[in-house]
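# quick one, what's the 3D model for this:
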Amino acid sequence: MSVKDIIKLACVFLNKQELIETNVFDETLREPTEEEQKEVEMLLRCLNLIVGEISCDYLPLINQENVTVSNKTIEFPTLSLTLLEVLSVRDKFGKLVKFKLFPNRIELPNGEYSVEYSYIPDSLTLDDQMYSFYGKVPDRVFAYGIAMEYSLLSSLFDEMEIWQTRFRDALKIAVTKHGEKRLPKRGWF
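Numbers count the residues shown, from 1 in each chain. So this is what the prediction gives:
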């Protein structure tokens, strides 16, 4: 689903029909006013806050990257994504390698390695597609989160509590393992 679709759903939850009726969501409609454009930008910032919260606290996004170490360090800015946590470092044979972690680098012997790490996603724009979070987080959960953040920023604390409850409950269900359930073998009593 696209970022626009999720923000549009959040507009439905927040009863912002006037925003839905602009060319932000449908190019055949009218131009948004300056105030409406600012609201859309605020909703986008709220979405980025929610995506960051989900990726840092609930469902980390994981990347695996091959790197060559020549001066016994891997500087964090040289990785393709913004590192959150190093999960493992493996040599070219797939064996785990011990490493030292510093605030801005990883120290390990020279060689070729595969680094697996969780990362902070880049900020989304209106034209982007949403992160799927492994297909676990439904679109409405993001919309609940946007409504929660928007209500907080707008000092609508009663509404914020309602959206927060819906967001947290839906997210808790989304991250709970829904895999195969096994029952104990049948037996004689």
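# mind saving the C-alpha coords of stretch 87-95 as PDB?
Provided in PDB are the C-alpha atoms of stretch 87-95 (Å, rounded to 0.1, in the frame of the first residue of the first chain):
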ATOM      1  CA  LEU A  87      23.000  -8.600  15.200                       C
ATOM      2  CA  SER A  88      25.900 -10.700  13.800                       C
ATOM      3  CA  VAL A  89      29.100 -10.600  11.800                       C
ATOM      4  CA  ARG A  90      30.100 -13.700   9.700                       C
ATOM      5  CA  ASP A  91      33.200 -14.400   7.700                       C
ATOM      6  CA  LYS A  92      33.200 -15.500   4.100                       C
ATOM      7  CA  PHE A  93      32.700 -19.100   5.300                       C
ATOM      8  CA  GLY A  94      29.600 -18.300   7.300                       C
ATOM      9  CA  LYS A  95      31.300 -18.600  10.700                       C
END
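# mind pulling up the pLDDT for the residue most central in space within the chain?
Centroid check for the chain by Cα atoms, centre = their mean gives V51 as the closest residue, at 3.2 Å. pLDDT for V51: 95.
# so how far is F13 from it?
V51 is 17 Å from F13, where distance means Cβ to Cβ, to the nearest Å. Glycine gets a C-beta too; all of them are placed from N, C-alpha and C.
# for D5, same thing?
Note on D5: its distance to F13, by Cβ to Cβ, is 13 Å.
# what about I62, neighbour count?
Other residues lying near I62 total 15 when counted by other Cβ atoms under 10 Å.
# shouldn't it be within a strand?
Yes: per DSSP: H, G, I helix; E, B strand; the rest coil, I62 lies within a strand segment.
# touching, it and S118? I think so.
Yes: under the criterion of Cβ atoms under 8 Å, I62 makes contact with S118 at 5.4 Å.
# mutual contacts of these two, please.
L87 (Cβ atoms under 8 Å, 6 or more residues apart in numbering).
# quick one: list the elements packing against the least confident helix or strand in the chain by mean pLDDT.
Using mean pLDDT, DSSP states H and E, helix 17-20 stands out as the lowest-scoring helix or strand of the chain, at a mean of 90. Packing partners of helix 17-20 (3 or more Cβ pairs under 8 Å, 6 or more residues apart in numbering; DSSP states H and E): helix 3-13, helix 34-53.
# hang on, the earlier thing: D5 and F13: who's more crowded?
Set D5 next to F13 and count neighbours by other Cβ under 10 Å: F13 wins out with 18 against 15.
# next up, the contacts around the more buried one.
A143, Y144, I146, A147, W163.
# let's go with 10 Å and repeat that
Going by Cβ atoms under 10 Å, 6 or more residues apart in numbering, F13 touches R140, A143, Y144, I146, A147, M148, Y150, S151, E159, W163, R166.
# show me those that map onto helices.
R140, A143, Y144, I146, A147, M148, Y150, S151, E159, W163, R166 (DSSP state H).
# whichever of these end up buried, select them in PyMOL.
To isolate the buried ones among the ones in helices among the contacts of F13 in PyMOL, judged by 16 or more other Cβ atoms under 10 Å, type:
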select buried, resi 143+144+146+147+148+150+151+159+163+166
